[in-house]
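Peer 1: pasting the sequence and the predicted coordinates here, then a few questions.
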Amino acid sequence: MKKALNLILAGLTTLGFALSAQAEEYITLASTTSTQNSGLFDAIIPKFKEATGIDVRVVAVGTGQAFEIARRGDADSLLVHDTAGEKRFVENGYATERADVMYNDFVLIGPSEDPAGISAAQSAAEAFAAIAEAEAPFASRGDDSGTNRAELRLWENAGVEPGGDWYRELGSGMGATLNTAAAMDAYVMSDRATWVAFKNPQNLELLYSGDPAMFNQYGSLVLSKEKHPGLKHDLAEQWHNWLISEAGQQAIAGFKVNGQQLFFPNAK
């Protein structure tokens, strides 16, 4: 009798956990490795959940892959950093709204000896051209991420088509690319947030930043109900609206690593 009672209680406990899991409201967010690796989501998602009861489960990938996940209908929301690509996503009918959320900038990292002399460059184009001229090792994400797309635009601005043994396309996220650059003693372009949070710099230093061409804007997109009616649109819109609200913007501004603010809210 006691054994039967224990089995019944165990079954009820299991059922209770299952019902609790089913009752939890959440959305799946496709976003970038930079927002995840920097620790931003660990800081702001609990505040959103406290305000709304909705959890956010992040799939952190390169921006190009995040677009593809959202295009397939495998995410409820999208937060990325390729403004031109985001606007095309809306124009092509996959999203109905896009909003600026926050920004930071891209930075050029390299070995402290700076063999290409980019720390003295007067522009990003000059810095990239100097790396190419010196054929100094350069680690590129090579993954169609927002950072990779921005990097390729900066090479184009410099009049350089990168290639050869000195240019390594890794096909990896930002953290992994920084690790490889550190091991290679190579130049690399990173978003500032991931660089500041990076814990394995070895001989690498921030050598160049500040060109307006290295501005890094992040945007949130409301996905199309017509394309994917089965998504959690109501919950996703609450996340989108919270990000651009005063509460969301304050949460973003309050996130710091080593006392340094990494993202700057600019919702209009």
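Peer 2: Okay, I see it. The shown structure was predicted, so the numbers you read here are calculated from the model rather than taken from an experiment.
Peer 1: in the stretch 101-250 of the chain, which spans are strands?
Peer 2: 138-140, 167-169, 187-191, 204-208, 215-223 (DSSP state E, counting those that start in this stretch).
Peer 1: adjacent strands (with direction) for the last one?
Peer 2: Looking back up the chat, that one is strand 215-223. strand 77-80 (antiparallel), strand 95-111 (antiparallel) (DSSP bridges).
Peer 1: avg pLDDT for the last one?
Peer 2: Taken as a whole, strand 95-111 has a mean pLDDT of 98.
Peer 1: extract the C-alpha set from that strand and format it as PDB.
Peer 2: Taking C-alpha atoms only, strand 95-111 is exported to PDB below (Å, rounded to 0.1, in the frame of the first residue of the first chain):
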ATOM      1  CA  ALA A  95       8.800  41.500 -40.700                       C
ATOM      2  CA  THR A  96       6.300  44.300 -40.300                       C
ATOM      3  CA  GLU A  97       8.300  46.700 -38.100                       C
ATOM      4  CA  ARG A  98      11.900  47.500 -37.300                       C
ATOM      5  CA  ALA A  99      13.100  49.800 -34.500                       C
ATOM      6  CA  ASP A 100      16.500  51.100 -33.400                       C
ATOM      7  CA  VAL A 101      17.300  49.700 -29.900                       C
ATOM      8  CA  MET A 102      20.900  50.500 -29.000                       C
ATOM      9  CA  TYR A 103      24.300  51.000 -30.500                       C
ATOM     10  CA  ASN A 104      28.000  50.700 -29.800                       C
ATOM     11  CA  ASP A 105      30.900  50.500 -32.200                       C
ATOM     12  CA  PHE A 106      33.400  48.200 -33.800                       C
ATOM     13  CA  VAL A 107      37.000  48.200 -32.900                       C
ATOM     14  CA  LEU A 108      40.200  46.900 -34.400                       C
ATOM     15  CA  ILE A 109      42.300  44.700 -32.200                       C
ATOM     16  CA  GLY A 110      45.800  43.500 -32.900                       C
ATOM     17  CA  PRO A 111      49.100  42.400 -31.400                       C
END
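Peer 1: what residues sit buried inside that strand?
Peer 2: 95, 98, 100-102, 104-111 (16 or more other CB atoms under 10 Å). Yep, even glycine has a C-beta here, placed from its N, CA and C like the rest.
Peer 1: now, which of these sits nearest I252?
Peer 2: M102 (5.2 Å; CB to CB).
Peer 1: in the sheet, who's paired with that closest one?
Peer 2: Counting by DSSP bridges, the residues bridging with M102 are Y218, P265.
Peer 1: tell me the contacts of it?
Peer 2: M102 sits next to 218, 249, 252, 263-267 when contact means CB atoms under 8 Å, 6 or more residues apart in numbering.
Peer 1: for A267, which non-adjacent residue is spatially closest?
Peer 2: Leaving aside its chain neighbours, A267 sits nearest to I244 (3.7 Å; criterion: CB to CB, 6 or more residues apart in numbering).
Peer 1: over to D114?
Peer 2: L207 (5.6 Å).
Peer 1: residues touching A132, list them.
Peer 2: Taking CB under 8 Å, 6+ apart, one finds 155, 158, 160, 162 in contact with A132.
Peer 1: ugh, wrong one, I meant I109
Peer 2: Here I109 is in contact with 178, 181, 187-190, 195, 204-207 (CB under 8 Å, 6+ apart).
Peer 1: who's it bridged to?
Peer 2: V188, L206.
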